[in-house]
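**Student:** What would the 3D arrangement of this be:
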Amino acid sequence: RIGRPTATMSGRKEGKHLIMALVYIVGWGCASSGLIFLNNHLLTEDGFHYPMTLCSMGLAASWTISSVMVNAGYVKLDKSRDLSPRWYCTHILPIGAFAAISLALGNYTYLYLSVSFIQMLKAAVPCVTMIVLVATALEKPHRMTVLGVLILTFGTALAAYGEIAFQWIGVIMMFSSEFSEAFRMAVLQYLLGNLRFDLIEGLYVMAPASFAFLVLGIMMFEFQTFQEEDGFAKITGRPHKYFAAAFLGFCVNLLTLAVIKSTSSLTFKVVGQVKNTVVILVSVVVFGSEITFLQVVGYSISMVGFAVYQRGKQVQAKAEEREKEMDGYERVELHEQKGEA
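**Tutor:** Predicted structure coming up:
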């Protein structure tokens, strides 16, 4: 009887956590998909040919909203963390640089490739991630993950071969974006280790760095054209669309952190692939995007490869846990033997 209230409270807590995780996942899926279609509309149909300027709006909104919440006292920063200018420059700025490159190149692909084909290419993210992590000695390859990557690569290549409006520049930009994101994850893992931020705190710390590098890119590659074509008039002519893009960018940034924190990075990857599949279906059914039978076959093979890859990651994680446990037992036994001696 004494244990029942505790068990009930624990069950309620787990149930609440599960509901919140589902809310975050659905919210992220809707916000991310909405942002993809809105950005594609603004870049290709609305004549706003400034991809870096467009994605900087979401980061500007993230920085502004998080700053207001922190300065107004709604969110408390962890005072125990070293957030000095020197630490920020050596730890956060490199992460922000790779994030900005990934966002910029990812947005530029919409000028050259269809929405459905871009989502198919995103299936190759695990291949790129594994290459970068192995090259930087942050991960050891497992035979099952390698098999999954090989299947993924074949499926993605098949889907690319079947693309009607294939453009090399778009594909190169897409994979460059994925490599930049993989390097961002590797640098984050190397520089921050187990350091974790709360949701708003994470945006407050990370968004300014990414935004600064995007502004630098805008000044170098887009600002002159933006002035010549009076890009600001396009924003003021339809402000609701651009405010929506900025707000959705904030929601995606926030909910990405929320999904990973409430579930795991593995769950986020799986949910991401499901979302990509939904975006492809919506793009075809609602917006009339054309895909070939060869692309469907290639993408299906990629999904099989993704499943094998994720299974390999699980097996690898369990094997590493067992190794740590065995190392712990060996240290205990060695300590006991020394004590007996």
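**Student:** hmm, which helix or strand of this structure has the shakiest average pLDDT?
**Tutor:** helix 293-340 (a mean of 77; mean pLDDT, DSSP states H and E).
**Student:** next one: that one to chain centre, how far?
**Tutor:** 22 Å (Cα atoms, centre = their mean, to the nearest Å).
**Student:** What separation is there between residue 102 and residue 47?
**Tutor:** 25 Å (Cβ to Cβ, to the nearest Å). Backbone N, C-alpha and C define where each C-beta goes, glycine included.
**Student:** The two: who's more crowded?
**Tutor:** When neighbours are counted by other Cβ atoms under 10 Å, residue 102 and residue 47 differ, and residue 102 comes out ahead with 22 against 10.
**Student:** List the residues that contact the more buried one.
**Tutor:** By Cβ atoms under 8 Å, 6 or more residues apart in numbering, residue 102 lies in contact with 177, 178, 180, 181, 184.
**Student:** Ok, residue 254 next?
**Tutor:** 62, 199, 200, 203.
**Student:** Just to check, the last one is in contact with residue 66?
**Tutor:** Yes. Under the criterion of Cβ atoms under 8 Å, residue 203 lies in contact with residue 66, with a separation of 4.1 Å.
**Student:** related to what we said a few turns ago, wait, which of the contacts of residue 254 is closest to residue 15?
**Tutor:** residue 199 (21.2 Å; Cβ to Cβ).
**Student:** Contacts only, for the residue nearest to residue 152 when sequence neighbours are not counted.
**Tutor:** Using Cβ to Cβ, 6 or more residues apart in numbering and skipping the chain neighbours, the partner closest in space to residue 152 is residue 305 (3.5 Å). Contacts for residue 305 (Cβ under 8 Å, 6+ apart) come out as 123, 148, 149, 150, 151, 152, 153, 154, 155.
**Student:** Pull the most distant pair out of those.
**Tutor:** 123 and 150 (13.4 Å).
**Student:** Give me the more crowded residue out of these two.
**Tutor:** Using other Cβ under 10 Å as the criterion, residue 123 and residue 150 rank with residue 123 on top: 24 against 14.
**Student:** Confirm for me that that one is in contact with residue 303.
**Tutor:** Yes. Counting by Cβ under 8 Å, residue 123 does reach residue 303; the two are 7.0 Å apart.
**Student:** so what sits against both of those two?
**Tutor:** Here residue 123 and residue 303 have 155, 273 as joint contacts, going by Cβ under 8 Å, 6+ apart.
**Student:** Where do the strands of this structure begin and end?
**Tutor:** Assigned strands in the chain: none (criterion: DSSP state E).
**Student:** where are the low-confidence patches of this structure?
**Tutor:** Applying pLDDT under 70 to the chain picks out residues 1-12, 80, 194, 266, 327-341.
**Student:** Spatially central residue in it, please.
**Tutor:** residue 256 (7.0 Å; Cα atoms, centre = their mean).
**Student:** what number of residues lie near the nearest residue to that one once chain neighbours are set aside?
**Tutor:** Take residue 256 and drop its neighbours on the chain: the residue closest to it by Cβ to Cβ, 6+ apart is residue 28, 6.3 Å away. A count of nearby residues for residue 28, using other Cβ under 10 Å, gives 23.
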